[in-house]
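Colleague: Structure of the sequence below:
(2 chains, ligands or ions: 2)
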Amino acid sequence: MPLRAIDLEGLSHWYGAGGTRRQVLQGVHLQVAPGEVVLLTGPSGCGKTTLLTLVGALRQVQLGSVAVLGEQLNGATRGTRQRLRRSIGMIFQGHNLLRCLTAEQNVQMGSDLLPGLGYRARRDQAREWLRAVGLGDELNKLPHDLSGGQKQRVAIARALAAHPRLLLADEPTAALDSRTGREVVELLQRLAREQGCAVLMVTHDPRILDIADRLVRMEDGRLLEGEPAPMHPAIIQ
Amino acid sequence: MTPWRWLQTLWQGRRIPLAWLLLTRQPVRLAVALAGISFAGILMFMQLGFRDGLFDASVTIHRLFDADLVLISPRSTSSVSMAGFPRRRLVQAMADPAVEGITPVHWNLLLWRNPQTRGTRSILALGFEPGDPLFTDPALAPKARLLTQKGRVLFDEQSRPEFGPVAKWFKSGRTVESEIAGKRVRVAGLVGLGTSFGADGNLLTSSETFLELLPNTPPGSIEVGLIRLQPGADPAAAIERLKRLLPDDVTVLTKQGFINFEQDYWRTSTSIGFIFSLGAAMGFVVGCVIVYQVLYSDVSDHLPEYATLMAMGYKLPSLLGVVAREGLLLAAFGYLPAYAAGQGLYALVRGATQLPVAMDTTRAVTVFTMILVMCMASAALAMRRLADADPAEIF
Ligand SMILES: Nc1ncnc2c1ncn2[C@@H]1O[C@H](COP(=O)(O)OP(=O)(O)OP(=O)(O)O)[C@@H](O)[C@H]1O
Ligand SMILES: [Mg+2]
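Modeller: Numbers count the residues shown, from 1 in each chain, chains lettered A, B, ... in the order given. Ligands and ions are numbered 1, 2, ... in the order given. Predicted structure coming up:
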């Protein structure tokens, strides 16, 4: 187990080239311990999503050090990034489920990534996860027939089914009403904690901030740390 | 590894059949794709079937001859323009020890008058000595005896109806008389030969009657000489000897060589092969366009989903595999209806034209291969769209 799930040092990022080149991240420092739940807030356009895509190995790092689950991503090959993504669960603003697959099959797309498990074991795991998110009765429904909250819960089950050690979530409650949003986020936090999975979640929703071990605020591509949030035991140690 | 273990491993390695689900959960798109592929397949089956059928039909009569070797004039180009050569050459061939028997045959297209409508139409007439063997089918011999009387012909009951209701009248006991080249003939019997490309109908007659119908034929000239060899004789060796023995005003062919001679004419000296191959190629192109359209829009519609899978850690090759499998499935399921419809249409064509069009393995495999290439090429092109799936853009 690496000492840190995420370790960013001096991470900067630019979009565009030449005259339209714009700096979006300006020397970001951030550490997230294994199992820690960190919430990232900040005004629109400050670079939160960009940060998430860099940590999620979806984008090439330009400047700075990005160590995720002990793997340095600056200069990492496409293959390394691809492999690392299997250990990172991602939950998107939209649910991004495969429309042609049932809830169970969608979750199984996640557990299919696990090496060395037979078909039956993977399918049983998928069902297990759907039960864990409270959708044991909706196994064979298509995303089309599920409510927004249910879809987002399927997405959570799918992300967790691949046994990630880091979960990235970008405004997972944006498409949900506040009560459903609260439920979904609580579920996410509980399951991640049970798995010992670190969470970095971007949110604008002030009602869910209390689930965090630590709050981080971003403004203009810079992190303003030191928010009064309870320290996670892993960091204290 | 035992088959059982192997099956178990296969089952263990099973994945969600994404390609199958992508296709089947969009029935309309699937139907369009399958209709397009089937249409292309049917077009290819028809065009290639017609082509092969026509080439095959050009030798309906050729196949019937009771001969191991055939003499023709080098000036003959096809069944519709057979030139004469001296009958003596055939008799000379008898000198070869391997030759068992010969049959001189007169061969020409004559104008037959429809006894009902009085219109005339070109018919293939063969003249031979009624006692000589002509066809391998033994049913001809007793009927051939009827030709010893002058002015009698045996009419092919499979001739096209445009020659008149000859067979019907004859069977009902009527005396059927007609005119050939202005001379009166009487139908002495019916034979079943089959139409060919160059001839819509056939009739057989004695050499004597034939020469009467065509008085301008040079004496002692025939168009085809049939040679039968002793049992066990080597045809290739016999051909070599005959070529040395006979002057070059005759060509010596095997029976198969005679068949090839006719087919080669239609294949090379006419545009039939080209036209039908072009038709098949059109089907291929149309199919390609449809399958490409369907797969391309399918990939485009699911681009965010493909990007999500990439973000989850699925490798690009495995996603390309999904598109490839979609192409494979389309090929398989588009081919089946095309094959079935092809069978049906062949039966229809056989009924309507008496062309010997039938499904054969070579053509079935050819069309399947073309459909497969069509689908896989389209899938390969549609895959390029997948390169646009950027997992960084889905957050
Ligand atoms: N692919 C891109 N190309 C160019 N500019 C981009 C791209 N993605 C984002 N940007 C710009 O970079 C800045 C930061 O974007 P980002 O999406 O990271 O912000 P955010 O904090 O997630 O905002 P929001 O809260 O609205 O989602 C924005 O000004 C945005 O317009
Ligand atoms: Mg954002």
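
Colleague: Not counting its neighbours along the chain, what's nearest the one residue in chain A that gets nearest to chain B?
Modeller: Residue nearest to chain B within chain A: residue A:86 (3.4 Å; C-beta to the nearest C-beta). No exception for glycine: its C-beta is placed from N, CA and C like everyone else's. Spatial nearest neighbour of residue A:86, excluding adjacent residues (C-beta to C-beta, 6 or more residues apart in numbering or on different chains): residue B:313 at 3.4 Å.

Colleague: Ok, residue A:174 next?
Modeller: Once flanking residues are discounted, residue A:174 sits nearest to residue A:93: 4.9 Å by C-beta to C-beta, 6+ apart.

Colleague: which residues does the one you found contact?
Modeller: Going by C-beta atoms under 8 Å, 6 or more residues apart in numbering or on different chains, residue A:93 touches A:170, A:171, A:172, A:174, A:175, B:395.

Colleague: Taking these together, which two end up most distant?
Modeller: Using C-beta to C-beta, the contacts of residue A:93 span at most 13.7 Å, a distance reached by A:175 and B:395.

Colleague: So for those two, which sits in the more crowded spot?
Modeller: Applying other C-beta atoms under 10 Å in any protein chain shown to residue A:175 and residue B:395 shows that residue B:395 carries more neighbours, namely 24 against 16.

Colleague: Just the buried positions in the helix or strand hosting residue A:182, please.
Modeller: Following DSSP states H and E, the helix or strand that holds residue A:182 is helix A:178-195. Using 16 or more other C-beta atoms under 10 Å in any protein chain shown as the test for burial, helix A:178-195 gives A:180, A:181, A:182, A:183, A:184, A:185, A:187, A:188, A:189, A:191, A:192, A:193.

Colleague: Report the distance from that helix to the chain centre.
Modeller: Relative to its chain's centre, helix A:178-195 lies at 13 Å (C-alpha atoms, centre = their mean, to the nearest Å).

Colleague: Quick one: residues in contact with the helix or strand just after it.
Modeller: Next in sequence after helix A:178-195, counting helices and strands by DSSP H and E, comes strand A:198-202. Strand A:198-202 has contacts (C-beta under 8 Å, 6+ apart) with A:5-6, A:32-41, A:48-49, A:52, A:55, A:165-172, A:185, A:188-189, A:192, A:212.

Colleague: Give me the phi and psi angles of residue B:119.
Modeller: Main-chain dihedrals, residue B:119, degrees, to the nearest 10: phi -80, psi 160.

Colleague: OK, contacts around it?
Modeller: B:113, B:162.

Colleague: Residue A:64 belongs to a strand, doesn't it?
Modeller: Yes - the assignment for residue A:64 (DSSP: H, G, I helix; E, B strand; the rest coil) places it in a strand.

Colleague: got the contact list for it?
Modeller: Neighbour list for residue A:64: A:8, A:9, A:10, A:11, A:12, A:27, A:28, A:74 [criterion: C-beta under 8 Å, 6+ apart].

Colleague: for residue A:161, same thing?
Modeller: A:107, A:108, A:110, A:111, A:114, A:125, A:126, A:129.

Colleague: Can you check the pLDDT for it?
Modeller: You'll see residue A:161 listed with a pLDDT of 91.

Colleague: Skip the chain neighbours and tell me the closest residue to it.
Modeller: Going by C-beta to C-beta, 6+ apart, residue A:161 has residue A:110 as its nearest residue, at 3.4 Å.

Colleague: measure the one you found to residue A:147 for me?
Modeller: Separation of residue A:110 from residue A:147 (C-beta to C-beta, to the nearest Å) stands at 21 Å.

Colleague: What of residue B:16?
Modeller: Taken as C-beta to C-beta, the span from residue B:16 to residue A:147 is 23 Å.

Colleague: tell me which element residue A:113 falls in.
Modeller: Per DSSP H and E: residue A:113 is located in neither a helix nor a strand.

Colleague: In this structure it contacts residue A:164, no?
Modeller: No - using C-beta atoms under 8 Å, residue A:113 is not in contact with residue A:164; the gap is 9.6 Å.

Colleague: who's more crowded, those two?
Modeller: Counted by other C-beta under 10 Å, residue A:113 and residue A:164 do not tie: residue A:164 has more neighbours, with 25 against 20.

Colleague: Give the helix, strand or coil label for the spatially closest residue to the more buried one that is not a sequence neighbour.
Modeller: Nearest residue to residue A:164, sequence neighbours excluded (C-beta to C-beta, 6+ apart): residue A:89, at 3.5 Å. For residue A:89, the assignment made with three-state DSSP gives strand.
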